[in-house]
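J.: sequence? don't have it. structure:
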Ligand SMILES: [Mg+2]
C-alpha cells in the first residue's frame, strides 16, 4: 500500500486569513493537481490530514466544512487528481488527533493499512513535521504557504531528516523515487 498524506492549507490550497468557508474560497496552489495526479498514476493513494479548529470556535459548522471538502475533492478531480479522503481534526484545543500530535496521521495510516516509515506527510508548518515525527511518517516540507517562514525560523534537529521542496509538484517527483527504492 503506497500512501501519501498531505496537509491542506498552504500545501494543497492557498491559505486564507478567514479560512475556507465556502467552495468559492478554494484556490489550488500551482502544480498541486499535477503533483497529486503524478502520485495517483504511480499507484499512490493520496489523503489530506488537516486541523480545522474554526469548527470548535464556532466560525463554521461541520456541515459547511464537509461541503468545502467535497468541493475541493471535486475540483481536484476535474484536474485529474484524486484525493481519496480528508481526515480532519476540528478541535481547537490540544488533543491526541490534533497536529502537532500524531493521532490523525496514525488514524489515516490504520485506515489504509499503510506503513508509517514508508508514508510521507507533506506540510508547510513545524506542527506538520512534528505530527509526522510522532506518527513515524517521513517529514516533508514544501515552501508554499507558510513553508518558507517555517524554514527561516529553523527546524529542530530531532525532526530530521526533513525533505524540503519548492512545492507539491516537485515533492511528488522525488517521493515517487522514494517509494520505488523500497526504503
Ligand atoms: Mg498548512
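T.: Okay, I see it. Not measured: the values here are computed from a predicted model.
J.: residue ranges of the helices in the protein, please?
T.: 32-41, 62-78, 103-112, 126-135, 147-153, 168-181 (DSSP state H).
J.: Of all those, which one is nearest the ion?
T.: Closest of the helices of the chain to the ion is helix 126-135, at 6.3 Å (criterion: C-beta to the ion). The way it works is simple: take the backbone N, C-alpha and C, and place the C-beta from them, glycine included.
J.: contacts for the closest one?
T.: By C-beta atoms under 8 Å, 6 or more residues apart in numbering, the residues outside helix 126-135 that reach it are 7, 49, 51, 99-102, 104-106, 109, 116, 120-123, 138-141, 150, 153, 155-156, 158-159, 162.
J.: if we can go back for a sec, the helices of the chain: lowest mean pLDDT?
T.: Within the helices of the chain, confidence is poorest for helix 168-181, with a mean of 85 (mean pLDDT).
J.: Closest residue of this protein to the ion?
T.: Distances between the chain and the ion by C-beta to the ion are smallest at residue 10, namely 3.7 Å.
J.: can you pull the contacts of that residue?
T.: With C-beta under 8 Å, 6+ apart, residue 10 has these contacts: 29, 123, 124, 125, 142, 144, 145, 146, 147.
J.: circling back to that earlier point, may I see the helices of the chain organised as TSV, with distance to the ion and mean neighbour count added?
T.: TSV is the format used below for the helices of the chain (distance: least, C-beta to the ion, whole Å; neighbours: other C-beta atoms under 10 Å):
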stretch	distance to the ion	mean neighbour count
helix 32-41	13	21
helix 62-78	14	16
helix 103-112	13	19
helix 126-135	6	23
helix 147-153	8	15
helix 168-181	12	18
